[in-house]
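S.K.: no letters, just coordinates:
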């Protein structure tokens, strides 16, 4: 049983059904009905195309823009442009596509809000707000940053970075993502991505002036939680705090974790996921340490940290960066990992 049908939950529904050839009985519970699209639009909706090499047979779906460039704007008038290979998707449509594929593979879904989780013998029992009860051998918590599964079965919770995003009528290049770094963003950044209505602008909540907007969105970005399995229950996506604090990306990480979970359950034990996730490049502890380091930097230090890359990223600038001192090496390592695995 899977609670939640966001990127992680929808991917889990598909992969559990697909990888088991329909032999597993898979049930998804999703509490949102009318507000499903509105909630899942609160996102940058960017995905690296490399993600789908790991997520096969899933392919990019509901693509709105092809991303070819990433442009970074740093204090000291440092602008770094690099090639990128990604997409901006219609996230609600992508999720519906995965859920439909899960259904074709034999999965089932119910619109119901889980309110209680208990153990009954070897099974886990979930009670819903409308009085129904469902039981399962395995329980996958994909129920967001305030996860009922995590609060009930696990201990502690992720750290939260609150962000807001605005859909505006402004114009920008449709093949680029722009990132603006400044001390005001407290370790984060301001982003500008293309949108069908113009562009989306986002930043750490309260860190910048509000633009004129067509729609205002906001949500926490959960990160820095390292417990993913407890008995026959597991956590994926925002419930597991798997968003990347360097890139703010969470779609790919949640979907990859979902596939890991499905492989583990099909093989008969969640221990495979418990071992595989923390060893993966998605869960590197460098991300959190680098983010904490960034939070303490003013604009002068942000400018110094990026100075070796003024003429772009490459082997030469990488050597200069290593000679720039030990202070920024973990930061550089986290940025390198984030560029490859963080979106």
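M.R.: Yep, that arrived. Every value quoted in this text rests on a predicted model; they were computed, and no experiment measured them.
S.K.: next, give phi and psi for residue 133.
M.R.: Here is the backbone geometry of residue 133 (degrees, to the nearest 10): phi -130, psi 140.
S.K.: need the nearest residue in space to it, chain neighbours excluded.
M.R.: Setting aside the residues directly before and after it, residue 133 is nearest to residue 127 in space (C-beta to C-beta, 6 or more residues apart in numbering), at 5.2 Å. The C-beta positions use only the backbone N, C-alpha and C, and glycine is treated the same way.
S.K.: roughly how far does the one you found sit from residue 144?
M.R.: Going from residue 127 to residue 144 by C-beta to C-beta, to the nearest Å gives 18 Å.
S.K.: neighbour count winner among those two?
M.R.: residue 144 (21 against 15; other C-beta atoms under 10 Å).
S.K.: who touches the more buried one in this structure?
M.R.: Residues near residue 144 by C-beta atoms under 8 Å, 6 or more residues apart in numbering: 4, 6, 237-239.
S.K.: still on that earlier bit, correct me if wrong: the residue nearest to residue 133 contacts residue 113.
M.R.: No. Counting by C-beta atoms under 8 Å, residue 127 does not reach residue 113; the two are 10.1 Å apart.
S.K.: quick one: low-confidence parts of the stretch 201-343 of the chain?
M.R.: The model of the stretch 201-343 of the chain has pLDDT under 70 over residues 324-325.
S.K.: that older thread, may I have the strands that pair with the strand or helix carrying the residue nearest to residue 133, each with its orientation?
M.R.: Here residue 127 is covered by strand 123-128, with elements defined by DSSP states H and E. Taking DSSP bridges as the criterion, strand 123-128 forms sheet pairs with strand 114-120 (antiparallel), strand 133-136 (antiparallel).
S.K.: quick check: closest non-adjacent residue to the residue nearest the centre of the chain.
M.R.: Nearest residue to the geometric centre of the chain (C-alpha atoms, centre = their mean): residue 250, 0.5 Å. In space, and not counting its chain neighbours, residue 250 is closest to residue 243: 3.8 Å by C-beta to C-beta, 6+ apart.
S.K.: what number of residues lie near that neighbour?
M.R.: So residue 243, with other C-beta under 10 Å, has 28 neighbours.
S.K.: any idea how far it is from residue 54?
M.R.: 17 Å.
S.K.: surely residue 37 meets residue 92?
M.R.: Yes. Between residue 37 and residue 92 there is a contact under C-beta under 8 Å: 4.4 Å.
S.K.: settle it for me: which of those two has more neighbours?
M.R.: For residue 37 versus residue 92, the count of surrounding residues by other C-beta under 10 Å is larger for residue 92: 17 against 14.
S.K.: make sure the more buried one is indeed in a helix.
M.R.: Yes. Looking at residue 92 with DSSP: H, G, I helix; E, B strand; the rest coil, it is inside a helix.
S.K.: okay, it: pLDDT?
M.R.: Predicted confidence (pLDDT) for residue 92: 97.
S.K.: give me every residue that touches it.
M.R.: Counting by C-beta under 8 Å, 6+ apart, the residues that residue 92 touches are 36-37, 40-41.
S.K.: now do the buried residues in the longest helix anywhere in the chain.
M.R.: If you go by DSSP state H, the chain has its longest helix at helix 251-266. Residues 251-262, 264-266 are the ones in helix 251-266 that count as buried (16 or more other C-beta atoms under 10 Å).
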